[in-house]
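>>> Give me a model of this one.
(one chain, ligands or ions: 2)
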Amino acid sequence: MDRPREIEADGNSNPIQISRLALDIGGSLIKLVYFSRDSGDHEDPLNDSVRISNGVNGRLHFAKCYQQYGVVFFIANFRAEFDLSSTDSFILGLACAYFVMLRTLAGQASFLELLHVDNFLIYVIFWPVLFLAYKMKVNSGFQHQENPTNDRSFIKATGGGAYKFSDLFKEKLGISLEKEDEMDCLVTGANFLLKAVNHEAFTYLNGQKEFVQIDHNDLYPYLLVNIGSGVSMIKVDGDGKFERVSGTSVGGGTFWGLGKLLTKCQSFDELLELSQRGNNRVIDMLVGDIYGGMDYSKIGLSSTAIASSFGRAISNSNELHDYKPEDVSRSLLRMISNNIGQISYLNALRFGLKRIFFGGFFTRGHSYTMDTISVAVHFWSKGEAKAMFLRHEGFLGALGAFMSYERHSLGDLMVNQSVQIPVDASSSTDTNYNPPERDLNETESMQCSVYQA
Ligand SMILES: Nc1ncnc2c1ncn2[C@@H]1O[C@H](COP(=O)(O)OP(=O)(O)OP(=O)(O)O)[C@@H](O)[C@H]1O
Ligand SMILES: CC(C)(CO)[C@@H](O)C(=O)NCCC(=O)O
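Ligands and ions are numbered 1, 2, ... in the order given. Purely as a prediction, here's the structure:
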């Protein structure tokens with residue numbers, strides 16, 4: 001197979017050269033992974049790696065697109081990323097504010113009809129993708145071929161949206177989405193991160209985060225639980241060797257959807273933030289509520305264990321508005337995280353798996369969510385199985401789609417780990433080492449090299 005044009009040197013002195021981009025268009029969020037080549041004339045002070053002459057050095061960027069306000073979020077990032085002039089960003093910002101305002105106003109069908117809703121929404125939702133695709137074309141000389149049957153304007157894409165929006169992308173944007181299987185991508189992304197990135201996996205129990213050193217020779221088998229809108233459970237036996245063994249529709253979409261209805265929260269972050277301040281005991285029925293304050297120790301249940309999520313709400317005449325949104329959010333988060341932890345454990349037990357890695361954007365590095373999942377796995381497995389989380393949790397699919405460029409045309413993608421998480425030599429083997437606190441779910445990048453096959 002031909003090497004994609006995008007990776008050919010173009011001699012362009014533009015410091016940011018987007019050469020490849022992959023998408024994961026899920027039920028709730030759009031995730032992007034893209035590679036920008038180093039121009040070579042500005043060294044990253046944190047980069048202590050050796051530049052390898054036959055590799056293409058650059059950065060792998062991770063970004064996600066909120067469907068709501070996604071445009072404004074991206075503008076803020078692109079301003080720095082692409083060195084937009086202030087006039088450019090002002091004009092783009094105005095255009096985006098206008099779109100967002102229209103979208104907000106567009107509650108009525110008649111108004112949407114006036115705007116030709118399909119065109120309007122595709123430009124609003126996929127504006128960031130368009131912008132990146134445009135940048136990719138400009139920077140890499142990536143163009144339509146003279147032979148129209150050999151169309152190279154394609155982007156690797158996975159997730160349901162790769163199918164759902166395929167025609168729309170082609171018709172309205174002139175971009176073909178080259179579809180990659182979602183499960184395949186999740187596994188490829190997870191395997192890559194676990195093998196190539198230091199301090200990628202960690203355990204989280206009782207507020208203690210501990211990084212796990214992954215032994216490459218002893219990684220398989222493991223259970224990958226991807227908590228997106230819905231939940232997929234995949235038994236992974238090697239590179240490309242996997243089976244989706246289970247799933248549940250009670251996932252991140254359930255938390256966000258039910259939470260939105262019950263608390264009137266306007267954003268997922270707001271809902272998570274509320275949960276941090278809430279007390280689930282107000283709404284959940286505890287074992288102690290049923291057993292007069294006592295443990296039911298014969299079956300291993302303490303008085304504080306939840307006997308019935310939301311069960312307290314039946315025992316008095318309270319209406320929804322009598323409960324604090326904080327408490328509702330807390331109970332909901334706990335119910336869903338517990339349930340996922342329990343089903344995950346049962347599937348691990350089914351196949352004799354000791355390690356469970358959790359991916360997907362539901363966890364969002366949120367301590368209470370991770371703690372609840374870990375406690376469920378720990379409790380049900382009597383400490384036998386281990387719940388582990390991934391720093392790039394939400395990007396497994398997009399990363400897998402990105403890696404499929406390699407599978408088809410390139411050699412390896414290598415990550416320069418010393419840059420991804422700046423650690424000094426003395427701390428690099430410390431499993432308790434905590435990388436600087438920042439939201440890894442927002443835009444992030446890691447230094448890497450692509451090798452030509
Ligand atoms: N900013 C956010 N806005 C909305 N949901 C968010 C946000 N951050 C995290 N989430 C949570 O992440 C979930 C989506 O996770 P993810 O992007 O991994 O899945 P998806 O690809 O959209 O879903 P699926 O794989 O089921 O199609 C949401 O349902 C919600 O619970
Ligand atoms: C349908 C997918 C795979 C889309 O990502 C995901 O949302 C999911 O795994 N849902 C759970 C479906 C089930 O197994 O019950």
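>>> how about the residues of the chain near ligand 1?
In this structure, the chain approaches ligand 1 at residues 26-29, 66, 159-160, 228-230, 252-253, 255-256, 268, 360-362, 364, 394, judged by CB under 6 Å from any ligand atom. From N, CA and C alone the C-beta is placed, and that goes for glycine too.
>>> Can you say which of the residues you listed are buried?
If you count burial by 16 or more other CB atoms under 10 Å, the buried members of these come out as 26, 28-29, 66, 159, 228-230, 252-253, 255-256, 268, 360-362, 364, 394.
>>> my guess is T363 is in a helix, correct?
No: checked against DSSP: H, G, I helix; E, B strand; the rest coil, T363 lies outside a helix; its state is coil.
>>> burial of it, as a residue count?
Residues contacting T363 under the criterion other CB atoms under 10 Å number 23.
>>> Surely it is in contact with M370?
Yes: contact status for T363 versus M370: in contact at 5.8 Å, counting by CB atoms under 8 Å.
>>> overlap in contacts of those two?
Common neighbours of T363 and M370 are listed as F389 (criterion: CB atoms under 8 Å, 6 or more residues apart in numbering).
>>> give me the residue from the stretch 251-400 of the chain nearest ligand 2.
When distances are taken as CB to the nearest ligand atom, the stretch 251-400 of the chain reaches nearest to ligand 2 at G251, 6.5 Å away.
>>> Not counting its neighbours along the chain, what's nearest that residue?
Counting by CB to CB, 6 or more residues apart in numbering, the nearest residue to G251 once its immediate chain neighbours are dropped is V231, at 4.2 Å.
>>> now Y34
L21 (4.1 Å).
>>> before we move on, which element is the one you found in?
If you go by DSSP states H and E, L21 is part of strand 17-25.
>>> Could you please name the strands the following helix or strand past that strand pairs with and the direction of each pair?
Next in sequence after strand 17-25, counting helices and strands by DSSP H and E, comes strand 30-37. With DSSP bridges as the criterion, the sheet partners recorded for strand 30-37 are strand 17-25 (antiparallel), strand 55-65 (antiparallel).
>>> Quick check: which of the ones you listed is nearest to A348?
Distance to A348, taken as CB to CB, is lowest for strand 17-25 among the strands paired with strand 30-37, at 24.9 Å.
>>> for the record, mean pLDDT for that closest one?
Averaging the model's pLDDT scores along strand 17-25 yields 80.
>>> and if you look at stretch 352-368?
96.
>>> same check, this time on stretch 166-185
For stretch 166-185, mean pLDDT is 89.
>>> And stretch 382-394, by the same measure?
What stretch 382-394 shows for mean pLDDT is 95.
>>> again with stretch 188-200
Confidence over stretch 188-200 (mean pLDDT, whole number) is 94.
>>> Wait, the residue nearest to G251 touches R244, no?
No: with contact taken as CB under 8 Å, V231 and R244 are classed as non-touching, separated by 10.8 Å.
>>> higher neighbour count, those two?
Neighbour comparison, V231 and R244: the larger count goes to V231, with 25 against 15 (by other CB under 10 Å).
>>> Just the terminal-to-terminal distance for stretch 219-228.
The distance separating the two terminal residues of stretch 219-228, taken as CA to CA, to the nearest Å, comes to 23 Å.
>>> Could you tell me which helix of this protein is the longest one?
Among the segments of the chain that qualify as a helix by DSSP state H, the longest is helix 325-350.
>>> Tell me if it is near ligand 2.
No: Helix 325-350 lies out of reach of ligand 2 by CB under 6 Å from any ligand atom, never closer than 10.3 Å.
>>> For that helix, which helices and strands make contact with it?
On a contact count with 3 or more CB pairs under 8 Å, 6 or more residues apart in numbering; DSSP states H and E, helix 325-350 meets strand 222-227, strand 231-238, strand 241-248, helix 252-263, helix 268-277, strand 306-308, strand 355-359, helix 367-380.
>>> State the pLDDT value of G40.
According to the model, G40 carries a pLDDT of 54.
>>> now swap in T429 and tell me
32.
>>> do H321 as well
Looking at H321, its pLDDT reads 95.
>>> Would it be right to say that it lies in a strand?
No: judged by three-state DSSP, H321 forms no part of a strand; its state is helix.
>>> That one and L193: what is the separation?
Per CB to CB, to the nearest Å, H321 is found 44 Å from L193.
>>> quick one, which of those two is more surrounded?
Neighbours per residue, other CB under 10 Å: of H321 and L193, the larger number sits with L193, 24 against 7.
>>> picking up where we left off before, could you give the bridge partners of the residue nearest to G251?
For V231, the beta-bridge partners are I227, T248 (DSSP bridges).
>>> With N316 as the reference, measure out to it.
In this structure, V231 lies at 33 Å from N316, with CB to CB as the measure.
>>> One more: Y163?
According to CB to CB, Y163 stands 47 Å off from N316.
>>> what do you get for G189?
Between G189 and N316 the distance, using CB to CB, works out to 47 Å.
>>> Give me the more crowded residue out of the two.
Residue environment comparison for G189 versus N316 gives the larger neighbour count to G189, 28 against 7, counting by other CB under 10 Å.
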